[in-house]
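K.L.:
Sequence below, structure please.
(one chain, ligands or ions: 1)
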Amino acid sequence: MSVTVRVPAKVNVQLAVGAARPDGFHDLANVFLAVGLYDEVTVTPAGELRITCEGPDAAEVPLDRSNLAARAAEALAARYGLSPDVHIHIAKDIPVAGGMAGGSADGAGALAACDALWGTGASRDELLDICAELGSDVPFSLVGGAALGTGRGEKLRTLEVGGTFHWVFAMAGRGLSTPAVFREFDRLGEGRDIPDPVASQELIDALAKGDPDALGAAVSNDLQPAALSLFPELADTLAAGRAAGALAALVSGSGPTTAFLARDPESAAKVAEALRSSGTCRTVRTAAGPAPGATVLGG
Ligand code: C5P
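P.N.:
Model prediction:
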């Protein structure tokens, strides 16, 4: 018997970052929107815990215990006194090391799949606790839709979304390390007073109304200057998308994927085509949000 869970990528429509905390993390006001690019995580009972992966970026996915999917299986098994002996297969469509929470998606997907396979009866809150231990973005991958994440991003409040938002994503030719981008944020802010992160009410209202123009005017990412400092060529990608009529162009999370909001599917296709021919990125994908969180398929 196998269980397959489909789990979405995300874009951060607002990422407000506070000063570094004593534990090294940063307090955030992190507005997540799940988008329709998915990984599928299948778990099957096996002699020992192992991971396989297929998809365009599969070669870049770690297949050892550092993979969040393996850590999710181990964490759930440990909590219920079970053995984590499953084969986890990841059909990967979310770009790797991109700022789209692909690794977090696989963690949440494996957790939901193992939970269904083993019939633990864990409550939603217990699963969310395990997600938060695995990483700051993992709880949102389980929940999907749109949410405001506070603390280090793991404390979620669901947000209403009143329409469909059309996005274009440009994948860069190399990766960016999330800790390195946060360190660069700290370095750029040295000697400056960093205000506490606050969610934008304007942005929350734009999501609730489903208004792409208002959302485009309200998006922001405090990590963008740090990502651009480490990866200056991303400015060319952002400029190419803006020139093609995107309502907003921003680095997604810690990057290096860049995200472009379009008014409708037609203008998304136009922005995607312009980015493809700009020569400033590796691949281009379109996706709409919100998308549902981790979902057991065919069950
Ligand atoms: O929580 P997660 O493992 O995804 O975080 C990866 C890294 O990103 C952390 O080790 C830390 O350097 C940085 N981070 C941070 N503040 C956050 C979330 C992540 O500094 N709120």
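
K.L.:
Neighbours of Arg21, how many?
P.N.:
Counted by other CB atoms under 10 Å, the residues lying close to Arg21 total 11. Glycine gets a C-beta too; all of them are placed from N, C-alpha and C.

K.L.:
thinking it is in contact with Asp27, fair?
P.N.:
Yes: using CB atoms under 8 Å, Arg21 and Asp27 qualify as a contacting pair, with a distance of 6.4 Å.

K.L.:
and the closest residue in space to Gly102 that isn't next to it in sequence, helix, strand or coil?
P.N.:
What sits nearest to Gly102 in space, not counting adjacent residues and going by CB to CB, 6 or more residues apart in numbering, is Ile94, at 3.7 Å. Remark: Ile94 carries the secondary structure label coil [criterion: DSSP: H, G, I helix; E, B strand; the rest coil].

K.L.:
who's in contact with Ile94?
P.N.:
Counting by CB atoms under 8 Å, 6 or more residues apart in numbering, Ile94 makes contact with 9, 37-39, 100-102, 105.

K.L.:
and if we set it to 6 Å?
P.N.:
Contacts of Ile94 were listed using CB atoms under 6 Å, 6 or more residues apart in numbering, and they are 9, 37, 39, 100, 102, 105.

K.L.:
cool, and Leu76?
P.N.:
Residues near Leu76 by CB under 6 Å, 6+ apart: 111, 114.

K.L.:
can you list the weak-confidence ranges in this protein?
P.N.:
Counting by pLDDT under 70, the low-confidence segments of the chain come to 97, 299.

K.L.:
Contact residues of it facing the ligand?
P.N.:
Within the chain, the positions near the ligand by CB under 6 Å from any ligand atom are 25-26, 28, 135-137, 152-153, 178-179, 182.

K.L.:
still on that earlier bit, can you give me the distance of the residue nearest to Gly102 to the ligand?
P.N.:
Counting by CB to the nearest ligand atom, to the nearest Å, the separation of Ile94 from the ligand is 15 Å.

K.L.:
Now the phi/psi pair for that residue, please.
P.N.:
Torsion angles at Ile94 (phi, psi; degrees, to the nearest 10) stand at phi -80, psi 130.
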